[in-house]
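In: I would like the atomic coordinates for the input below:
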Amino acid sequence: MLSSLGAMQAVEPSSLPITSDLAKALQTHVRSLADPSLQGRKPGTQGNRTAADYIRTRFQDAGLVPLSSLGGYGQSLPAQLGDNLLGLKPAAGANAQAPYLLVGAHYDHLGGAHLGADDNASGVAILIELARSLPALRHHHVLFAAFNAEEPPYIRTPQMGSQYFADHLPQEIGFLDAIQAVVIMDIMGGVHWEPMREMVFAAGAEKSPGLYRRLKEASGMLNDERAMMHGEQRPSSFGIQPSPLTVLPLGLHLIEELPLVGHVPFSDYDAFRNASVPFLFLSSGRTPRYHQPTDLPETLHYERMAATVRWLQRLLFTIDQDQDRYRFDANRLELADDAATLRPLAVQAAERDRDIPGTSWLSRRAMQRDVEWLKTFDPRSPQPEDITRLERLSLRIQCLLADLPACFLL
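Out: Model prediction:
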């Protein structure tokens, strides 16, 4: 890729401070799970089993309750791939019939020299610390799930750990209707571009109006919208209250619809989406280290991960206020919020001195055309070609962030 002279330099994660006890605990988890001795946690290997033992111990330390129907924390997968790890934090009211919230992240990776610190030791570390710190909710049980067998060749197959879980629910849960909402985390620690240093993206909640409202409330966006209705100044260019963490809604179609390929799901949320279970997919996005041997513990932003733990606590407490079943609409979009998320990123990515590291002049020129088009885009009356262009813009940004070749062709 032809680089731009004077372009913004990539963020160097090892230079980011790690000061809080929570961030240090997260780093410890990542270092343990991405240790070279585990050889990349490939399903069916000793390293994968060692990772499972580590998670099992952390679930026990957090006081999570194993499911009696499983005889422990492990749900065995077929073909000797290993286990899903499941631990329960029962509702405070001791109501056995309370609905479930599921928080999950996969712990397997590619194996060999691919140690998978960001993908997805980062998500599992957040899962462990959330399990440790979250008080029991009043109206919902919380099931913490460390899924196995998410990476190729198991992804999008019945052997994928989350799909196996959805197809073979433990007796305590019984039916997927017992799950009010699912939160899936994948690739939560990487950082490459300065404007996204404190950002996490939240996709999929747009399919469920009730869950989407709680997402925006937990992110401060509803407060911002009320302020704007009363003529008050918008607190930030991204439409949320100033915070160490910026959580931005992003329609799932902006991630999954690939040119010349079509619809491609990318993580454990797919098993629940296919069953019409309301879900939220959290990720900080790919970096050039994605699925590379350079995905190492020292390349993560641990203080942002710590802020994510605290944000998830807030989100789950807001969801716990809802006792009515969330509605699910697989075709529902929130195009105005999609455009609001992408617009400031596109504007910065189109500027020579602020663009994504590695951007070629062809990609910048394509991004500049996208920015001009966004000025005319009306999300209230979109045409099919408008939605396609919004999807291509999102993919162009993702392509540049991962430093993939020929991003200008999107």
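In: all helices of the stretch 201-350 of the chain, in order?
Out: Taking DSSP state H, counting those that start in this stretch, the helices of the stretch 201-350 of the chain run over residues 209-218, 221-229, 253-256, 269-273, 302-319, 335-349.
In: please name whichever of those helices is nearest to Asp21.
Out: Smallest distance to Asp21 across these (CB to CB): 8.8 Å, for helix 302-319. (C-beta placed from N, C-alpha, C; glycine too.)
In: and the closest one, what other elements does it pack with?
Out: Counting contacts by 3 or more CB pairs under 8 Å, 6 or more residues apart in numbering; DSSP states H and E, helix 302-319 packs against helix 21-33, strand 100-106, helix 122-133, strand 179-185, strand 199-203, helix 209-218.
In: need these in CSV (columns: distance to His291 and mean pLDDT).
Out: Formatted as CSV, the helices and strands packed on helix 302-319 follow (distance: least, CB to CB, whole Å; pLDDT from 0 to 100):
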stretch, distance to His291, mean pLDDT
helix 21-33, 16, 98
strand 100-106, 14, 98
helix 122-133, 14, 98
strand 179-185, 17, 98
strand 199-203, 19, 97
helix 209-218, 28, 97
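In: redo the ones you listed as TSV? Include mean neighbour count.
Out: Shown next, in TSV, are the helices and strands packed on helix 302-319 (neighbours: other CB atoms under 10 Å):
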stretch	mean neighbour count
helix 21-33	20
strand 100-106	26
helix 122-133	26
strand 179-185	26
strand 199-203	22
helix 209-218	21
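In: just put the ones you listed in JSON lines and tack on distance to Lys42.
Out: Output for those, formatted as JSON lines (distance: least, CB to CB, whole Å):
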{"stretch": "helix 21-33", "distance to Lys42": "13"}
{"stretch": "strand 100-106", "distance to Lys42": "12"}
{"stretch": "helix 122-133", "distance to Lys42": "15"}
{"stretch": "strand 179-185", "distance to Lys42": "20"}
{"stretch": "strand 199-203", "distance to Lys42": "27"}
{"stretch": "helix 209-218", "distance to Lys42": "34"}
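In: please work out which of the helices of the stretch 201-350 of the chain is packed deepest.
Out: Highest mean neighbour count of the helices of the stretch 201-350 of the chain: helix 269-273, a mean of 24 (counted as mean count of other CB atoms under 10 Å).
In: what residues are bridge-paired with the spatially most central residue of the chain?
Out: Centroid-nearest residue in the chain: Leu282, 2.0 Å away (criterion: CA atoms, centre = their mean). On the basis of DSSP bridges, Leu282 takes part in beta bridges with Met185, Ala202.
In: next, count neighbours for the closest residue to Gly44 other than its chain neighbours.
Out: Nearest residue to Gly44, sequence neighbours excluded (CB to CB, 6 or more residues apart in numbering): Leu81, at 5.1 Å. Around Leu81 there are 21 other residues, counting by other CB atoms under 10 Å.
In: close enough to count as contact, Leu81 and Tyr154?
Out: Yes: under the criterion of CB atoms under 8 Å, Leu81 makes contact with Tyr154 at 7.4 Å.
In: common neighbours of those two, please.
Out: Pro43, Gly161 (CB atoms under 8 Å, 6 or more residues apart in numbering).
In: low-confidence ranges in the stretch 51-200 of the chain?
Out: Residue ranges of the stretch 51-200 of the chain with pLDDT under 70: 94.
In: what about the residue lying closest to His168 once chain neighbours are set aside, which SS state?
Out: Sequence neighbours aside, Gln75 is the residue nearest to His168 in space, at 7.5 Å (criterion: CB to CB, 6+ apart). Applying DSSP: H, G, I helix; E, B strand; the rest coil to Gln75 yields a three-state assignment of strand.
In: quick check, pLDDT for Met8.
Out: pLDDT for Met8: 74.
In: any idea how far Thr294 is from Ile397?
Out: To Ile397, Thr294 is 21 Å away according to CB to CB, to the nearest Å.
In: which one of those two is surrounded by more residues?
Out: Using other CB under 10 Å as the criterion, Thr294 and Ile397 rank with Ile397 on top: 24 against 15.
In: show me what contacts the more buried one?
Out: Residues near Ile397 by CB under 8 Å, 6+ apart: Leu342, Leu345, Ala346, Ala349, Ile356, Met367.
In: check what pLDDT Gly220 gets.
Out: Per the predicted model, pLDDT is 87 at Gly220.
In: OK, contacts around Cys399?
Out: With contact taken as CB under 8 Å, 6+ apart, Cys399 is in contact with Cys407, Leu410.
In: roughly how far does Val371 sit from Gly116?
Out: Separation of Val371 from Gly116 (CB to CB): 35 Å.
In: thinking again about what came up before, any chance of the contacts of Ile397 in a markdown table, plus distance to Tyr100 and pLDDT?
Out: Putting those into a markdown table (distance: CB to CB, whole Å; pLDDT from 0 to 100) gives the following:
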| residue | distance to Tyr100 | pLDDT |
| --- | --- | --- |
| Leu342 | 33 | 97 |
| Leu345 | 35 | 96 |
| Ala346 | 38 | 96 |
| Ala349 | 40 | 95 |
| Ile356 | 39 | 93 |
| Met367 | 42 | 94 |
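In: now the two most distant members of the residues you listed.
Out: Leu342 and Ile356 (13.4 Å).
In: if we can go back for a sec, check the helices of the stretch 201-350 of the chain for me: which has the lowest mean pLDDT.
Out: Mean pLDDT is lowest for helix 221-229 among the helices of the stretch 201-350 of the chain, at a mean of 47.
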